[in-house]
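J.: dropping a prediction and its sequence here:
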Amino acid sequence: MGELRLMKGNEALAEAAIRAGVDGYFGYPITPQSEVIEYLMSEKPHERTGMVVLQAESEVASINMLYGGGGTGKKVMTSSSSPGISLMQEGLSYLAGAEIPCVVANVVRGGPGLGDIQPAQSDYFQSVKGGGHGDYRLFVIAPASVQEMSDFVPLAFDVAFKYRIPSLIVSDGLIGQMMEKVELFDPIPRLTDEEVIARYPWATNGKPKGKERRILTSLDLDPHKMERHNWALQEKYKLIEENETRFELIGCDDAEYIIVAYGSSSRIAQKSIQLARKKGIKVGLLRLITLWPFPKKPIEEFVKNGIKGLLTVEMSAGQMIEDVKLVVEGRAKVEHFGRYGGVIHSPEEVLEALEQKLIGG
Amino acid sequence: MAEITLQDIIKPENLVYQKTKLMTDKTLSYCPGCGHGTAHRLIMEVIEELGKENDTIGVAPVGCSVLAYEFMNVDMQEAAHGRAPAVATAIKRLWPGKVVFSYQGDGDLAAIGTAETIHACNRGERIVMVFINNGIYGMTGGQMAPTTLPNMKTATSPYGRDIEMMGNPLKMTELVSYLPGTYFVTRQAVHTPAAVRKAKRALRMAFQNQIDGKPGVSFVEIVSNCNSGWKMEPVQANTWMEENMFPFYQLGDIKVDGKLIDR
Amino acid sequence: MAKVRGAIVVDVEGCKGCGVCVPACPTDVILLAKEVNGKGYHYAYMANPEACTGCSNCSIVCPDGVITVYRVKLTA
């Protein structure tokens, strides 16, 4: 059993960064996730592992520092919250286009605009439908516990480097701020410079003797080459869809209705399902773990098995519901429930919505 | 005395000057007479002479020199518009033993990237920052830049830069020289042989500072021409530059070894 | 009598005829040709080759690096 600690979600993310062998964290304070950089600064990871921690002048600078550092093959990370993630969209598009691995964490808060500082899940579109310009995808994963805030960091880096894709950890203010027991994983040592040079021949860390220089760019003024590049990216994304989709099914075996949720909403929905079962309503939970790639297969299965209806529960006006509807293609009832703008729905509210919208009457 | 023929002179053993092999064989995409080509070449000559070909990472901007990575034969990254100093910051912080430089135009460094420029300088990043100032946005078709001179006509100041409406030209180099985080700040040119020799000396000092681990940014501005944007022939543009740009953007060292020079 | 004699070789197809080398030469060796290269540029050439001292002023100021410079020391 690894070391056990009672921690805030944000702190667990930061501790995991040090343990995952991250080489550099470049970030900017924003509520509700400033604890991440504060923890890193006070932990002095430079003394623990040689990790660099730098407070940048903005989120724009942060994401571009990730571009530079990740481009040299080092493990680099940042974290922010919704308005700051908006500032990073240009950088994310460039990172995706130049195929540079990195990890970005979004601790989502209410919006749009400056919004508020309470939890929300209204950045789904921003996270999986671009956000930045151009045809690209990010690997998007949604923790639903403080444990997953820790565990998903090394996972996000593994996927990022395996496929040369930026990874986005989509959390929310609730998970970021709440405290839970975490079993911390054993530290993964940082790679040495020589190991980085040997493992990543694409990385720009000094032209090897007798070899060609490396160039990292997302520009190609020849449209035919650009199309081929985009085609290759799409092929890569298909591979990720086949191999990296993650989800969890709770109580779905005999379910007549399914709640689809991720993050905090999935925790709340678990209580709703207990309440529903007590009333004799057979509800199951599909917890999305990866938001992209989107877990299409389980939804397709539900539809084929004649599910009576699906309720997406998200702290938003309804974003993830669109991806559910795309899979369902009108073959079953799909409804949305969610409080938004920073308000958190209660398990009872969710059950009530299920009864009203899906079961009807 | 025997007559000497060209064949006698043009022999490998008599070679005096040849373009450095750290410039690739690709034809430069720059307009005839543009200072970018000269600036690129001087940087690559310095890198070669310092023996740092395998330890250098350059960061290219968005602007005419977006394709700098096609011409500079070292590891290169293409940055988003204005972000090169942030990109270079991370590279240097994670690989302190390498030589890292950013190369930017006036839109990149003095408009959209102003924050990244100032903060990289303020933090005293141990990088070389090269700033090509031609008072205009070349790549996008000759629009006004923060460095455009008063009354200068450009695509977005067709009647001349109106100070009241559009503000004064920005002297980024002087601005950053006041930050303790800059170690060496200089303004050079590359349009005449004398200017080229001075510019190369300045670039060599900048890169040597980094190799020696001197604390802070070595910031080299190169005032250059934009023949297409200014709508002049190259030699004519250089003359115009001497008569108009140099009085405003004065050449010379502004800060050496961390101390401001009395000018 | 000159102590050195120089000569330049211009990569004719690479030259863009910008003319910056012309005033750079201290002994007025270079002019732009009446002919054009494949891209339509009037390329630089040695109009007065005997005057070349191989000082390399032209080559260091050339934005495209198309000039290679040679020099010999003359005896007697």
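T.: Arrived safely. Numbers count the residues shown, from 1 in each chain, chains lettered A, B, ... in the order given.
J.: show me what contacts the nearest residue to residue C:41 once chain neighbours are set aside?
T.: Using C-beta to C-beta, 6 or more residues apart in numbering or on different chains and skipping the chain neighbours, the partner closest in space to residue C:41 is residue C:17 (3.6 Å). From N, CA and C alone the C-beta is placed, and that goes for glycine too. By C-beta atoms under 8 Å, 6 or more residues apart in numbering or on different chains, the contact set of residue C:17 is B:32, C:32, C:36-37, C:41-44.
J.: now the element after the lengthiest helix in chain A, going C-ward?
T.: Criterion DSSP state H: the longest helix present in chain A is helix A:223-244. Sequence-wise, the next helix or strand downstream of helix A:223-244 (DSSP states H and E) is strand A:247-250.
J.: can you list contacts of that next one?
T.: A:270, A:273, A:284-290, A:295, A:298.
J.: pipe those residues into a markdown table and attach neighbour count, secondary structure and distance to chain C per row.
T.: Below are those laid out as a markdown table (neighbours: other C-beta atoms under 10 Å in any protein chain shown; DSSP: H, G, I helix; E, B strand; the rest coil; distance: C-beta to the nearest C-beta, whole Å):
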| residue | neighbour count | secondary structure | distance to chain C |
| --- | --- | --- | --- |
| A:270 | 17 | helix | 68 |
| A:273 | 25 | helix | 71 |
| A:284 | 22 | strand | 69 |
| A:285 | 22 | strand | 66 |
| A:286 | 25 | strand | 62 |
| A:287 | 23 | strand | 61 |
| A:288 | 30 | strand | 56 |
| A:289 | 20 | coil | 55 |
| A:290 | 21 | strand | 51 |
| A:295 | 24 | coil | 56 |
| A:298 | 19 | helix | 61 |
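J.: whatever residue of the stretch 101-250 of chain A ends up closest to chain C and residue B:72, how far apart?
T.: Per C-beta to the nearest C-beta, residue A:213 is where the stretch 101-250 of chain A lies closest to chain C, at 17.9 Å. According to C-beta to C-beta, to the nearest Å, residue A:213 and residue B:72 sit 8 Å apart.
J.: quick one: name the residues of chain A near chain B.
T.: A:23-24, A:26, A:52, A:54, A:56-58, A:60-62, A:64-69, A:71-72, A:74, A:76, A:90-91, A:94, A:98, A:193, A:204-209, A:213-219 (C-beta under 8 Å from any C-beta of the partner chain).
J.: just the helices in chain C please.
T.: Counting by DSSP H, the helices of chain C are C:21-24, C:57-61.
J.: nearest to residue B:39, out of those?
T.: Nearest to residue B:39, of all these, is helix C:57-61, at 11.8 Å by C-beta to C-beta.
J.: give me the helices and strands touching that closest one, please.
T.: Packed against helix C:57-61 by the contact rule (3 or more C-beta pairs under 8 Å, 6 or more residues apart in numbering or on different chains; DSSP states H and E) you find helix B:193-211, helix C:21-24, strand C:67-73.
J.: ok now stretch C:47-66, how far from the chain's centre?
T.: When distances are taken as C-alpha atoms, centre = their mean, to the nearest Å, stretch C:47-66 is centred 4 Å away from the chain's centroid.
J.: now the one residue sitting closest to the centre of chain A, which residues is it bridged with?
T.: Nearest to the mean C-alpha position of chain A, counting by C-alpha atoms, centre = their mean, stands residue A:169 at 2.6 Å. Residue A:169 has these beta-bridge partners by DSSP bridges: residue A:105, residue A:141.
J.: got a list of what it touches?
T.: Contacts of residue A:169 (C-beta under 8 Å, 6+ apart): A:13, A:103-106, A:141-143, A:149, A:152-153, A:156.
J.: and those, which of them are buried?
T.: A:13, A:103-106, A:141-143, A:149, A:152-153, A:156 (16 or more other C-beta atoms under 10 Å in any protein chain shown).
J.: tell me the SS of the nearest residue to residue A:209 once chain neighbours are set aside?
T.: Sequence neighbours aside, residue B:54 is the residue nearest to residue A:209 in space, at 5.4 Å (criterion: C-beta to C-beta, 6+ apart). The three-state assignment at residue B:54 reads coil, by DSSP: H, G, I helix; E, B strand; the rest coil.
J.: isn't residue B:54 right up against residue A:212?
T.: No. Counting by C-beta atoms under 8 Å, residue B:54 sits too far from residue A:212 to count as a contact (11.9 Å).
J.: which of these two has more residues huddled nearby?
T.: Using other C-beta atoms under 10 Å in any protein chain shown, the more surrounded residue of residue B:54 and residue A:212 is residue B:54, with 17 against 9.
J.: could you check how far the more buried one is from residue B:48?
T.: Distance from residue B:54 to residue B:48, by C-beta to C-beta: 11 Å.
J.: residue ranges with poor pLDDT in chain A?
T.: Confidence mapping of chain A against pLDDT under 70 gives the ranges A:361.
J.: would you map out the domains in it?
T.: Structural domains annotated on chain A: A:4-195, A:248-359, as defined by automatic domain parsing.
J.: buried deepest among those domains, which one?
T.: Burial of the domains of chain A is given as mean neighbour count (mean count of other C-beta atoms under 10 Å in any protein chain shown); domain A:4-195 ranks first at a mean of 22.
J.: sorry, back to before: can you put the helices of chain C in CSV and add mean pLDDT?
T.: Formatted as CSV, the helices of chain C follow (pLDDT from 0 to 100):
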stretch, mean pLDDT
helix C:21-24, 98
helix C:57-61, 98
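J.: most tightly packed of these?
T.: helix C:57-61 (a mean of 26).
J.: using CSV, list the CA coordinates for that one.
T.: Output of helix C:57-61 as CSV, limited to C-alpha atoms (Å, rounded to 0.1, in the frame of the first residue of the first chain):
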residue,chain,number,x,y,z
ASN,C,57,32.8,43.7,-48.1
CYS,C,58,30.3,42.6,-50.8
SER,C,59,29.9,39.0,-49.4
ILE,C,60,29.3,40.0,-45.8
VAL,C,61,26.6,42.5,-46.8
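J.: what comes into contact with it?
T.: By C-beta under 8 Å, 6+ apart, the list of residues contacting helix C:57-61 reads B:17, B:19, B:38, B:190-193, B:196-197, C:8, C:20-21, C:24-26, C:29-30, C:44, C:65, C:67-69.
J.: who touches both of residue B:54 and residue A:212?
T.: With the criterion set as C-beta under 8 Å, 6+ apart, the contacts of residue B:54 and residue A:212 do not overlap.
J.: buried residues of stretch B:41-55, list them for me.
T.: Buried, per 16+ other C-beta under 10 Å, within stretch B:41-55: B:41-48, B:50, B:52-55.
J.: relative to chain C, which of those residues is nearest.
T.: Distances from chain C to the buried residues of stretch B:41-55, taken by C-beta to the nearest C-beta, are shortest for residue B:41, at 5.2 Å.
J.: for that closest one, phi and psi?
T.: Residue B:41 adopts backbone torsions of phi -60, psi -40, taken as degrees, to the nearest 10.
J.: so it touches residue B:17, yeah?
T.: No. The pair residue B:41 / residue B:17 is not scored as a contact, 11.0 Å apart, by C-beta under 8 Å.
J.: of the contacts of helix C:57-61, buried ones?
T.: B:17, B:19, B:38, B:190-193, B:196, C:8, C:20-21, C:24-25, C:29-30, C:44, C:65, C:67-69.
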